[in-house]
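Novice: need a 3D model of the following:
(one chain, ligands or ions: 2)
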Amino acid sequence: MTSTLLTGISELVTNDPGLGRGKLGIVDEAAVVIEDDAVVWVGPAAEAPSTDAKHDFHGRAVLPGFVESHSHMVFSGDRSEEFAARMAGEKYTAGGIRGTVKHTRQASEEELRANMRRLLDESLRSGTTTVECKSGYGQSVEAELRSLEVARSLTDEVTLLAAHVVPPEYEGDTEEYVRVACEEIIPRCAPLARWIDVFCEQGAFDEDQSRRVLQTGIDHGLTPRVHGNQLHQGPGVRLAVELGAASVDHVVHIDSEDIEALAGSETVATLLPGADFSTRNAYPDARGLIDAGVTVALGADCNPGTSYTTNMPFCIAIAVRDLHMTADEAVWAATAGGARALRRDDVGVVRPGARADLMALDAPNHLHLAYRPGVPLISSVWQAGRLKYSASEVKHD
Ligand SMILES: N=CN[C@@H](CCC(=O)O)C(=O)O
Ligand SMILES: [Zn+2]
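Specialist: Ligands and ions are numbered 1, 2, ... in the order given. Prediction:
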């Protein structure tokens, strides 16, 4: 077993208040020792133990890799025209998902896998080392099975989004599609997933239909997560809390009772500001949620309809500028918050025993993630103890 000392760290974000300052557990002039895929030591560089090898970050800030707890990366097709129409004044509706269902059903498994791999590589280059991925653009037994096979070949965090939209063959008969989802899709697909999700929204699935889908998933061993309150005030948040969901995601159109329900629960509120940006939706009341004691995660929500970005630093910048989160809150939400939303304690933190998922910034501290929006600050990314990405240098001839 080779031990490697990571040193030259101007500021280390550990997300463990027992290791350093504040909620981010910051250690200045820090070092980290990794062995195989795990962190084995964290502390001030001056106290670092001797190791077999050494890597110098030359004064960069180092953080845990981002934990993306909400993505839809198994799809085919392009909806740039829909985006352009929205920017020209059209409203986003759940119906746009059907176009992606059509293309995804027509694509080969290899095409779907190549597309997801491309998006995962893109995520990694912007610092993301853990990615949850949903099905939901198949909406038939065969197409959902294929989507889940693709997702689980590339990530451990796989979600069966059995009810994302009513597919064209059941148009006008949502009840019949919910029956198919509960009696056919979920029983066949559940062994391939960890989570069950539903789009609880006007134009998608109502409270009762969403409850049946989630409960069927629970009966088949899956843990619920919910798309709720994205486009309208509705029952999503309260349903998520009632069923003990790990997370309710979007939570834009909420009231004080929703906040109260979340504050007294184990359900994380996952904010997806990239989707609100690209749909010209309102932004969620992050301050109201955080100040009430709700655990908040940030996700990029990569999907072809509402948020075709994998870039967590972009979401952090919006969260700070427009959701009025502090940079510390936004960085925590994109790392430890995402881990909470996935009920994981081995990622989103840098402490002994955690998986060695780290990123170095071309910056002296984490504030630069919000302070320098749009700038590719990610200098290198380590996943499970291996250097997976290193930014190339500009050539000066
Ligand atoms: N809101 C539902 N699902 C996706 C959008 C899917 C789509 O438009 O293709 C989301 O998280 O924003
Ligand atoms: Zn989504």
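
Novice: apart from its neighbours in sequence, what residue is nearest Val165?
Specialist: In space, and not counting its chain neighbours, Val165 is closest to Ile97: 4.1 Å by CB to CB, 6 or more residues apart in numbering. The C-beta positions use only the backbone N, C-alpha and C, and glycine is treated the same way.

Novice: burial check on the one you found, number of neighbours?
Specialist: 26 (other CB atoms under 10 Å).

Novice: and Glu81, by the same measure?
Specialist: Neighbours around Glu81, by other CB under 10 Å: 9.

Novice: mind checking the SS state of it?
Specialist: Under DSSP: H, G, I helix; E, B strand; the rest coil, the three-state class of Glu81 is helix.

Novice: need the contact list for the closest residue to ligand 1 within the chain.
Specialist: Nearest to ligand 1 in the chain, going by CB to the nearest ligand atom, is Gly305, at a distance of 2.2 Å. By CB atoms under 8 Å, 6 or more residues apart in numbering, the contact set of Gly305 is Arg79, Glu82, Tyr92, Gly96, Ile97, Thr100.

Novice: show me what contacts the residue nearest to Val165?
Specialist: Applying CB under 8 Å, 6+ apart to Ile97 gives the contacts Gly136, Tyr137, His164, Val165, Gly305.

Novice: quick check: longest helix in the chain by residues?
Specialist: helix 109-125 (DSSP state H).

Novice: check which helices and strands it sits against.
Specialist: The helices and strands touching helix 109-125, judged by 3 or more CB pairs under 8 Å, 6 or more residues apart in numbering; DSSP states H and E, are strand 128-134, helix 141-154, strand 378-383, strand 386-390.

Novice: average model confidence for the second one?
Specialist: The average pLDDT within helix 141-154 is 98.

Novice: please give the centre-to-centre distance between that helix and its chain.
Specialist: Counting by CA atoms, centre = their mean, to the nearest Å, helix 141-154 is centred 19 Å from the centre of its parent chain.

Novice: just stretch 342-360 next, same as before
Specialist: For stretch 342-360, the distance to the chain centre is 15 Å (CA atoms, centre = their mean).

Novice: just stretch 67-77 next, same as before
Specialist: 9 Å.

Novice: end to end, how far does it reach?
Specialist: 26 Å (CA to CA, to the nearest Å).

Novice: ok, stretch 65-78 next?
Specialist: 28 Å.

Novice: can you list the buried residues in stretch 226-241?
Specialist: 226-231, 234-241 (16 or more other CB atoms under 10 Å).

Novice: first-to-last residue distance for that stretch?
Specialist: 10 Å.

Novice: for stretch 295-311, same thing?
Specialist: Span of stretch 295-311 from end to end, CA to CA: 21 Å.

Novice: what does the average pLDDT come to for it?
Specialist: Stretch 295-311 comes out at a mean pLDDT of 98.

Novice: which of the buried residues of stretch 226-241 fall in helices?
Specialist: Those of those lying in helices (DSSP H): Gly236, Val237, Arg238, Leu239, Ala240, Val241.

Novice: which two of those have the greatest separation?
Specialist: Gly236 and Val241 (9.8 Å; CB to CB).

Novice: give me the common contacts of the two.
Specialist: Val248.

Novice: one step back: neighbour-wise, which of the contacts of Gly305 leads?
Specialist: Ile97 (26 neighbours).

Novice: Tyr283 is in contact with Pro273, isn't it?
Specialist: Yes. Using CB atoms under 8 Å, Tyr283 makes contact with Pro273 at a distance of 6.1 Å.

Novice: which residues do the two both contact?
Specialist: Ile318, Asp322, Leu323.

Novice: just the ones of those in strands?
Specialist: Assignment to strands by DSSP state E places none of those there.

Novice: can you flag the buried ones in the residues you listed?
Specialist: Buried among those by 16+ other CB under 10 Å: Ile318, Leu323.

Novice: now render the shared contacts of Tyr283 and Pro273 as TSV, adding pLDDT and distance to His250.
Specialist: Listed next are the shared contacts of Tyr283 and Pro273 as TSV, based on pLDDT from 0 to 100; distance: CB to CB, whole Å:
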residue	pLDDT	distance to His250
Ile318	98	14
Asp322	98	15
Leu323	98	13
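
Novice: which residues does Met359 contact?
Specialist: Residues counted as contacts of Met359 (CB under 8 Å, 6+ apart) are Val62, Leu63, Pro64, Gly65, Phe66, Gly127, Thr129, Ile378, Ser379, Ser380, Val381, Trp382.

Novice: neighbours around the second one, how many?
Specialist: Counted with other CB under 10 Å, residues neighbouring Leu63 total 28.

Novice: Asp345 now?
Specialist: Residues contacting Asp345 under the criterion other CB under 10 Å number 13.
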